[in-house]
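J.: fold the following for me, if possible:
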Amino acid sequence: MGWKLSLLPTFGLFSVVMCSTSPRPNIVFILADDLGWNDVSFHGSKQIPTPNLDSLAYNGVILSNYYVQPLCTPTRAALMTGRYPIRVGLQHSVFVSAEPFGLLLNQTIMPEYLKQLGYETHIVGKWHLGFFARNYTPTRRGFDSHFGYYQGCEDYWDHTYAGDGLNKKAWGLDFRQDDDIINTAFGQYSTELFTQRAERIIDKHDVTKPLYLYMAHQAVHSGNPVTPLEAPWKYVEKMAHIKDPNRRLYAGMLSALDESVGNITRALQERGMLNNTIIVFSTDNGGPANGFDMNDANNWPLRGLKATLWEGGVRGTGFIWSPLLEKSGYTSQHLLHVTDWLPTLLHAAGFNMSQLPKDLDGSDQWTAISRNVDSERTEILLNIDQREKSFAIRSGDMKLVFAKGGYTRQFLDWYPPDQVVNIFSRPESNFSAEACLGCDRAIKFWKNQDELKILERRMAKTYRMDNSSGRHSSPELYRTNVYQSVYKMEQQGRRHRSQNPLVVRCGPPPPEALTNCKPWLKPCLYNITADPCEFYNLADDQEAVVETLRERVKLYEKGSLPPHNSTIDDAGLPYRHNGVWVPWRNISDEATAGNKLPLLF
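T.: As a prediction, this is how the structure comes out:
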């Protein structure tokens, strides 16, 4: 084991730290949940400061043309397998409540590949890839440990998941260390618990072995009905410049996430591991804006929101940082999809790439990103959903969207941040109760809670908030505890990049923007490079391009499985298991194959 003397410039102290002697890089993949495009300051947001994320992004590679799936489960399946969700039957919706299905066991996933290279593998946070039988849970699928939860969301303080609104039978505890239920974490904020767990993993890690840490944060997904947005006061009070109470709570949740990223980076540096680490940061889908899913994320100026195939639903916030990159400090224009991380990170880890399945959808982008050279990827299937009768594909500059049903048809607007003035020429869109996913009763109940009124009075008294206009955040909020670690890299010859955020500018939408595309009638075509906000439908003028892309979708669909979603199994509800969500079946993949649906084409 190696040792060296390092200078920590922020504190002006010398300290002895251990150096990793593993020949393979450590991989830390941080997956935010429901983070919007306009929710980070390295995208130019002046509302929510994210200084730790900014420091890594500016000194790494910001991903400009990076795509994810429109929902949680499909993105996680794509990340873990390197395959489009249509290949594994997870293209429609997400796992909810006690649905007896999961990511197929015939799929080799990221930690299983890395175990072949001697990696220690840990997941912290959200799984959301099935748990109805134990063989589908993380520690049976290549992870050495799992600290977190199985379901798609839960309360940040009591760690329960409401599987059916306010139905008590489907409301239960979902918090565990591996197979063991944790019932002693009540009142402890999950983002902080997850960060502490990650820091312990790093602190106890044998640095002669490579580490794979999958940090699947709960933040900034909404929690349960009644109090869907939750954050400790110390984070919320910093966001007094945001007058809308929901947006302010959301900002507090994101501030906690940003601090977590800083603490994990610092832990790696103090352990002597950062010099040999790859950090990837990604959202799992676009932000649930406009009150969708009881949340207050924002994707401005991109169109749409979470669960849609518009750019606001699938264009992902992300970056990669590592001293191992040959070039950094730039914004990548490479077309990148979440499926690419599996082959890309395996390449970086030294995996024999000839041993990967030949039919993966992901492309190895390590050389392209590291050297900033052209990549092989020119096309991304964004999704095909036979139940919603929707699809989207991007090829080169062009994107084709069709949606006979579903949220892509319902939410096709542009949604500015709540109650921030002088950013849009027309009134904001109103909240739609249909976007609550069945929780409109709970939202009405929550909005009448005394806690919210007390919060409003306290903030108004303390900060004398202006209720007529939004204000920019204070420069003090942009201080970062990652800088010392980045500075360490600078001392080794890596230049600190000036803060140049990736800002999408489209101007106000033309009057015909909402009427020139009716995706339920025929596909709409956009030049995303020239028109990232999807204002100008080119389908009528470029019929040959439309037909070419339709043929590509047909080809993809021939290799798809039907959606595996199932009806809720009452036997899996918490009221049958002492108020806890646990695996309840022993069943094969074949039993979850789902009903065969007709193809779109």
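
J.: what about stretch 539-549, distance to the chain center?
T.: Distance, stretch centre to chain centre, for stretch 539-549: 32 Å (CA atoms, centre = their mean, to the nearest Å).

J.: kindly apply the preceding question to stretch 95-109 instead.
T.: Here stretch 95-109 is found 19 Å from its chain centre; the criterion is CA atoms, centre = their mean.

J.: which parts of that stretch are buried?
T.: Across stretch 95-109, burial judged by 16 or more other CB atoms under 10 Å covers 95-104, 107-109. Where you see a C-beta, it was placed from the backbone N, CA and C, and this is true even at glycine.

J.: quick one: which of the residues you listed is nearest Val236?
T.: Closest approach to Val236 among these (CB to CB): Val96, at 28.8 Å.

J.: what pLDDT does the closest one get?
T.: At Val96, the model reports a pLDDT of 95.

J.: distance check, it against Arg550.
T.: According to CB to CB, to the nearest Å, Val96 and Arg550 sit 32 Å apart.

J.: can you check Ser560 too?
T.: In terms of CB to CB, Ser560 sits 15 Å off from Arg550.

J.: and what of Leu309?
T.: Distance from Leu309 to Arg550, by CB to CB: 15 Å.

J.: of these two, which one has the most company?
T.: Taking other CB atoms under 10 Å, Leu309 and Arg550 do not tie; Leu309 has more neighbours (30 against 17).

J.: quick check: closest non-adjacent residue to that one.
T.: Ala392 (3.8 Å; CB to CB, 6 or more residues apart in numbering).

J.: can you confirm that neighbour is in a strand?
T.: Yes. Under DSSP: H, G, I helix; E, B strand; the rest coil, Ala392 falls within a strand.

J.: now do the contacts for it.
T.: Neighbouring residues of Ala392 by CB atoms under 8 Å, 6 or more residues apart in numbering: Leu309, Val314, Leu382, Asn383, Lys399, Leu400, Val401, Phe402, Thr408.

J.: I'd like the residues you listed as JSON lines, with secondary structure appended.
T.: Listed next are the contacts of Ala392 as JSON lines, based on three-state DSSP:
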{"residue": "Leu309", "secondary structure": "coil"}
{"residue": "Val314", "secondary structure": "helix"}
{"residue": "Leu382", "secondary structure": "strand"}
{"residue": "Asn383", "secondary structure": "strand"}
{"residue": "Lys399", "secondary structure": "strand"}
{"residue": "Leu400", "secondary structure": "strand"}
{"residue": "Val401", "secondary structure": "strand"}
{"residue": "Phe402", "secondary structure": "strand"}
{"residue": "Thr408", "secondary structure": "helix"}
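
J.: re earlier: what pairs with the residue nearest to Leu309 across the strands?
T.: Beta bridges link Ala392 to Asn383, Val401, judged by DSSP bridges.

J.: and it, how far is that from Asp531?
T.: From Ala392 to Asp531 the distance is 15 Å (CB to CB).

J.: let me see the mean pLDDT of stretch 208-218.
T.: Per-residue pLDDT values over stretch 208-218 give a mean of 98.

J.: mind listing what's buried in it?
T.: Buried residues in stretch 208-218, counted by 16+ other CB under 10 Å: Pro210, Leu211, Tyr212, Leu213, Tyr214, Met215, Ala216, His217, Gln218.

J.: one more: stretch 55-62?
T.: Across stretch 55-62, burial judged by 16+ other CB under 10 Å covers Ser55, Leu56, Ala57, Tyr58, Asn59, Gly60, Val61, Ile62.

J.: between those residues, which is nearest Trp584?
T.: Ranked by distance to Trp584 (CB to CB), these are led by Leu56 at 40.6 Å.

J.: and the gap between that closest one and Val40?
T.: As judged by CB to CB, Leu56 and Val40 stand 11 Å apart.

J.: where in this protein is pLDDT low?
T.: 1-21, 419-481, 483-498, 588-601 (pLDDT under 70).

J.: give me the contacts around stretch 245-254.
T.: If you take CB under 8 Å, 6+ apart as the criterion, stretch 245-254 is touched by 35, 39, 47-48, 50, 156, 191, 219-220, 229-232, 235-236, 238-240, 242, 291, 295-298, 417-419, 452, 455-456, 459.
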